[in-house]
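**Student:** please work out how this folds:
(2 chains)
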Number of protein chains: 2
Amino acid sequence: MSEVVEQLRQALPPEALVTDPDRMESYRYDRAMFCPAGMPLAVVLARETAHVQAAVRIAAEAGVPIVPQGARSGLSGAANALDGCIVISLEKMDKILAIEPVDRYVVTQPGVYNAVLSRAVAEQGLFYPPDPSSWEFCSIGGNLSTNSGGLCCVKYGVTTDYVLGLEVVLADGRILRTGRKTVKGVAGYDLAKLIVGSEGTLGIITEATLALRPQAAKPRTMAALFGSGVEAGNAILEIIRSGVSLSLLEIMDRTTIQAVNKYKRMDLPEEAAAMLIAQSDAGGEAGAADVATVAKLCRDTGALECIEAEDDAEGELLLEGRRVALTALEELGTTMIDDVAVPRSRLAEFIGRLEQLSAELDITIGVLGHAGDGNMHPTVVFDQTDPGQAERAQQAFDRVMEIGLELGGTITGEHGVGVLKRAWLAEEVGPVSLDVHRAIKNALDPKNLLNPGKIVAD
Amino acid sequence: MSEVVEQLRQALPPEALVTDPDRMESYRYDRAMFCPAGMPLAVVLARETAHVQAAVRIAAEAGVPIVPQGARSGLSGAANALDGCIVISLEKMDKILAIEPVDRYVVTQPGVYNAVLSRAVAEQGLFYPPDPSSWEFCSIGGNLSTNSGGLCCVKYGVTTDYVLGLEVVLADGRILRTGRKTVKGVAGYDLAKLIVGSEGTLGIITEATLALRPQAAKPRTMAALFGSGVEAGNAILEIIRSGVSLSLLEIMDRTTIQAVNKYKRMDLPEEAAAMLIAQSDAGGEAGAADVATVAKLCRDTGALECIEAEDDAEGELLLEGRRVALTALEELGTTMIDDVAVPRSRLAEFIGRLEQLSAELDITIGVLGHAGDGNMHPTVVFDQTDPGQAERAQQAFDRVMEIGLELGGTITGEHGVGVLKRAWLAEEVGPVSLDVHRAIKNALDPKNLLNPGKIVAD
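**Tutor:** Alright, predicted model coming up:
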């Protein structure tokens, strides 16, 4: 194996190669809990596409597995190292290459953080909508590899909806350029959208052309408090049925509200069982009307209280609680964040079932999520030193997905499969789809070297 | 070969099998000009997925090629029969299976016409945006297979943006169910978006779950007339740069205006070299403001005249000219409609180059198209009985794609590759992408039985 390292050393500049075990340690894991990780043979800190290409060629020749890696903010273990692999980190490929205001696209390297890209295009009056909660520390390459969502996808969709073109290093080291710089295009198979969400198993994204929108108006914000989670779920139903176009619709339950209060002293009302936060970025009177409509619908469905933000600062404050929710829950114990989406018509039922589950297993589940698109992040909180609790936590985590599937939902709305949910993928998609997954994987990576064992088990 | 027909006869109800050559004749061609078509062995008029499955199994066993077919309104020959093939027509699978207003999706069979589906969901206050000009006589299955666009994709995107899930009969007759009923979902590869636009070469779509939106407001309409095509192109640039959100932005040149006047006696002003038509469906004052902004931008960039529609009827009248444009051009001679999209910043240049091309080759080219997304349909009009003209027409058709590629565009914005543009696909995507196309095709259809020779030449 030292021969492979030697080949890498000859092919790459010294700053692009890490073999020191202490330094490699920090490249072993993403942020998923309870996912195994191996020790890499080497970590390549690619500075350019040619470095990725060189490393892939050496790995392919030697039959060494490759793990592509972004900012390691993923929550499914997709970026976790394998024993004896070459980790190819894209974090140093962090340049925005072009912003085109009229054609409304940005060309970027994969290592650019989502927030950095979003701010750069905003300076030119443009808007890149996908906004995962981790936007300050997740990379565009990771967003592409997991097809990330975020808070505003209720109105603006997810990452794949913004992908025009990709440069991809294939398993044999060749470079695939696919997609376009035009708004529309149907020349051949949509390879770009196949690569998006494939978690580095089909190729390594080294450049992306992403569509942009004109900047939206500043959002108007409101919050509503409910006496039960199911009531909040019913309010969501009515909001969606009304057709009002919101740019954000989030939910937090009492467990989450209490955690946020403890963490941030936000004085959110703890007598409420659930809080909805809604925003409209329609602008001017239209935005105000949207928020007023939502407030009325919430009152009609039994809200205890509605708070309409007077100004941007108050709106941001209302949202702040949601933004820190996961961190706040993490302060309460060990957490396992789930990521189940259900059809919106089943959301109230889903919330009710989660409450039952928490009681049944005597385990804390903080319910928060993107209510507007039915994508919930029920978060199991437990004491890892208590074996009984740890076991019930794992049970709860699995049961959440089981309930999601029973309600016609999916095991992952935006975090991906990685290693965390491989067993569940088969449950959701069934044997024929799994066969098709394997056939496509084999077509693009016949030696099974690109992130092997991720998404689909070997 | 009569053995295969005999097997089909045993497996299918009599009304699902056509072998009479006279009846089969009408299933040989779609609406593409100058694309070869063979004579099928049999036409299967599938009534249900099981019929498709049975026919595919028989064909696979016998090694007989299969041509899936929708409403035969395609413009690239993708649905043209091959000699000795089994045509599997989906036109009789024409039921809408479910409309879910809260979850905002429709489940439909592929044979439903776009307009039928659009009207059915509109009755429930919902909106299915993709609206090809052929919406009255094109099927949803065909829309999916070519990833159709339409007039309103400048605001609402194309077919793939609305695909949640598909049922697909694979090349070996197994049924793949892929996708979801939720707004978001990232469980595994996005197989649905891979199948969409694959023109029946990877599987046969027998059911689709399509996302819907709340119904939009009635559009406000305006038109602007320009002294030159390039000026109109510059106005489009300014409109896009302004960020105003239009639900439609179409262009027609003088050739097209004259053809429309002749065909419909519409009295469109023939002194104009180009006409833009714009709509906003923002509703109320916002819609009026959008249209006023566009009118001002058109005047500022030198429009000869701006016409703001006083009411819906006048708006519809302004649009009517655009709707009949292609039919009107067809009255002038034999037509070859092209479908090239360029980055919007290059649109004025593209229009200028088309005018030059028309002069250079002394051939009529009617320029019309979806200006807002840079997708133009330059239509070559010629006298087929004049060999010199016919040759120059073919040259012009090819040169349009060449110019499109030179300007960073694509050879097909929404009509697809079929057989018409196979040679050009290689030109656009290059050898590596072509290899990946072949690898994926081979993975899903190892015997090359599904619509062989379409998109990628054998």
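
**Student:** dump the residue contacts of the residue of the stretch 251-400 of chain A found nearest chain B.
**Tutor:** The minimum distance from the stretch 251-400 of chain A to chain B, using Cβ to the nearest Cβ, falls at A:D373 (3.7 Å). To be clear about C-beta, it is placed using only N, CA and C from the backbone, and glycine gets the same treatment. By Cβ atoms under 8 Å, 6 or more residues apart in numbering or on different chains, A:D373 lies in contact with A:149, A:153-154, A:341, A:344, A:413, B:182-184.

**Student:** same thing but at 7 Å, please
**Tutor:** By Cβ atoms under 7 Å, 6 or more residues apart in numbering or on different chains, the contact set of A:D373 is A:153-154, A:341, B:183-184.

**Student:** now do A:D131
**Tutor:** For A:D131, the contacting residues are A:150-152, by Cβ under 7 Å, 6+ apart.

**Student:** what number of residues lie near the nearest residue to A:S228 once chain neighbours are set aside?
**Tutor:** Leaving out its chain neighbours, the residue that sits closest to A:S228 by Cβ to Cβ, 6 or more residues apart in numbering or on different chains is A:A273, at 4.9 Å. By other Cβ atoms under 10 Å in any protein chain shown, 21 other residues sit near A:A273.

**Student:** hmm, A:A273 is touching A:A224, no?
**Tutor:** No: with contact defined as Cβ atoms under 7 Å, A:A273 does not count as touching A:A224 (12.0 Å).

**Student:** circling back: what about the contacts of A:D373, which are in strands?
**Tutor:** Assigned to strands by DSSP state E, the following of the contacts of A:D373 qualify: A:A341.

**Student:** ok, A:T385 - how many residues close by?
**Tutor:** A:T385: 9 neighbours (other Cβ under 10 Å).

**Student:** now swap in A:A115 and tell me
**Tutor:** When neighbours are counted by other Cβ under 10 Å, A:A115 registers 15.

**Student:** what's the per-residue pLDDT of it here?
**Tutor:** The model reports A:A115 with a pLDDT of 97.

**Student:** what helix or strand is it on?
**Tutor:** According to DSSP states H and E, A:A115 maps onto helix A:114-122.

**Student:** contacting residues around that helix?
**Tutor:** Residues from elsewhere that reach helix A:114-122 (Cβ under 7 Å, 6+ apart): A:96, A:99, A:106, A:108, A:127-128, A:132, A:135-136, A:138, A:140, A:143, A:212, A:215.

**Student:** residue numbers of the stretch 51-200 of chain A in contact with chain B?
**Tutor:** Residues of the stretch 51-200 of chain A found near chain B (Cβ under 7 Å from any Cβ of the partner chain) are A:100-103, A:125, A:146-147, A:149, A:153, A:158, A:160-161, A:174-178, A:180-191, A:193-194, A:196-198.

**Student:** mind giving me the ChimeraX command for buried ones among those?
**Tutor:** Buried residues among those (16 or more other Cβ atoms under 10 Å in any protein chain shown), as a ChimeraX selection:
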select /A:100,101,103,146,147,149,153,158,160,161,174,175,176,177,178,180,181,182,183,184,185,186,187,188,189,190,191,193,194,196,197,198
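
**Student:** out of the residues of the stretch 51-200 of chain A next to chain B, which are inside strands?
**Tutor:** Those of these mapping onto strands are A:100, A:175-178, per DSSP E.

**Student:** of those, which is the nearest to A:C306?
**Tutor:** A:E100 (42.0 Å; Cβ to Cβ).

**Student:** format the CA atom coordinates belonging to the lengthiest helix in chain A as PDB.
**Tutor:** Counting residues, the longest helix in chain A under DSSP state H turns out to be helix A:422-444. Written as PDB, here are the backbone C-alpha positions of helix A:422-444 (Å, rounded to 0.1, in the frame of the first residue of the first chain):
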ATOM      1  CA  ARG A 422     -28.900   1.600   4.000                       C
ATOM      2  CA  ALA A 423     -31.000  -1.100   5.500                       C
ATOM      3  CA  TRP A 424     -34.100   1.200   5.300                       C
ATOM      4  CA  LEU A 425     -33.500   2.100   1.700                       C
ATOM      5  CA  ALA A 426     -34.300  -1.500   0.600                       C
ATOM      6  CA  GLU A 427     -37.500  -1.200   2.700                       C
ATOM      7  CA  GLU A 428     -38.600   1.900   0.900                       C
ATOM      8  CA  VAL A 429     -37.700   1.300  -2.700                       C
ATOM      9  CA  GLY A 430     -38.000  -2.500  -2.900                       C
ATOM     10  CA  PRO A 431     -35.900  -5.100  -4.800                       C
ATOM     11  CA  VAL A 432     -36.500  -4.000  -8.400                       C
ATOM     12  CA  SER A 433     -35.400  -0.400  -7.700                       C
ATOM     13  CA  LEU A 434     -32.400  -1.700  -5.700                       C
ATOM     14  CA  ASP A 435     -31.400  -3.800  -8.700                       C
ATOM     15  CA  VAL A 436     -31.600  -0.800 -11.000                       C
ATOM     16  CA  HIS A 437     -29.500   1.100  -8.400                       C
ATOM     17  CA  ARG A 438     -26.900  -1.600  -8.600                       C
ATOM     18  CA  ALA A 439     -27.000  -1.800 -12.400                       C
ATOM     19  CA  ILE A 440     -26.400   1.900 -12.700                       C
ATOM     20  CA  LYS A 441     -23.600   1.900 -10.100                       C
ATOM     21  CA  ASN A 442     -22.000  -1.000 -11.900                       C
ATOM     22  CA  ALA A 443     -22.300   0.800 -15.300                       C
ATOM     23  CA  LEU A 444     -20.500   3.900 -14.000                       C
END
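
**Student:** so which bits of stretch A:423-441 are buried?
**Tutor:** For stretch A:423-441, a neighbour-count test (16+ other Cβ under 10 Å) marks A:424-426, A:428-429, A:432-434, A:436-437, A:439-441 as buried.

**Student:** and the nearest residue to A:D253 once chain neighbours are set aside, what is it in contact with?
**Tutor:** Leaving aside its chain neighbours, A:D253 sits nearest to A:V367 (4.0 Å; criterion: Cβ to Cβ, 6+ apart). Shown in contact with A:V367 (Cβ under 7 Å, 6+ apart): A:229, A:253, A:256, A:351, A:354, A:376, A:378.

**Student:** please narrow these to those residing in helices.
**Tutor:** When those are checked against helices (DSSP H), the matches are A:229, A:256, A:351, A:354.

**Student:** surely the last one meets A:G366?
**Tutor:** No: checked against Cβ under 7 Å, the pair A:L354 and A:G366 is beyond contact range at 9.8 Å.
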